[in-house]
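1. need a structure here:
(one chain, ligands or ions: 1)
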Amino acid sequence: MAKIIYVEFDGGRRTVEVADGLSVMEGGRQAGIDAMDGDCGGCCSCATCKILVDQPWLDKIGAAGPDEREMLEFRGDMPANARLSCQVIVGPELDGLVVYMPKTQDSAEFGVLEAG
Ligand code: FES
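-> Residues are numbered from 1 along each chain as shown. Below is the predicted model:
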């Protein structure tokens, strides 16, 4: 179990306890987080689960795999610290992770650009 902090486009923050083994996308969807779509159910084929993550957390999460990188590169307009939240699996090491949500999953517009 880890507390994941979802920062929405308008700056609102929701802290959600997410069970180990779920993805950050699944945790957000279960909690009804706006702008967390996850259309493909976590198969890394839709990019509707985009988040930004601060660099220290990126180091803990580890590098994106080839499929995730390909999806993000396909978008072409994603910041370097963007990730697909369906590919970020929760465990105790991610307790306190802060993720930043876009305005909508159709846009690359993130409201709170603290991440970087
Ligand atoms: S839910 Fe489809 S790529 Fe993440």
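2. residue boundaries of the strands in this structure?
-> Using DSSP state E, the strands assigned to the chain run over residues 2-7, 13-18, 50-53, 82-84, 98-100.
3. Now do the helices in the protein.
-> Counting by DSSP state H, the chain has helices at residues 24-30, 55-61, 66-75.
4. Now do the buried residues in the last one.
-> Going back to what we said before, that points to helix 66-75. Glu68, Met71, Leu72 (16 or more other CB atoms under 10 Å). Where C-beta positions appear, they are placed from N, C-alpha and C, glycine not excepted.
5. Return the residues in contact with the second one.
-> So that's Met71. Each residue near Met71 by CB atoms under 8 Å, 6 or more residues apart in numbering is listed here: Cys44, Ser45, Cys46, Ala47, Leu84.
6. farthest pair in those residues?
-> Ser45 and Leu84 (9.8 Å; CB to CB).
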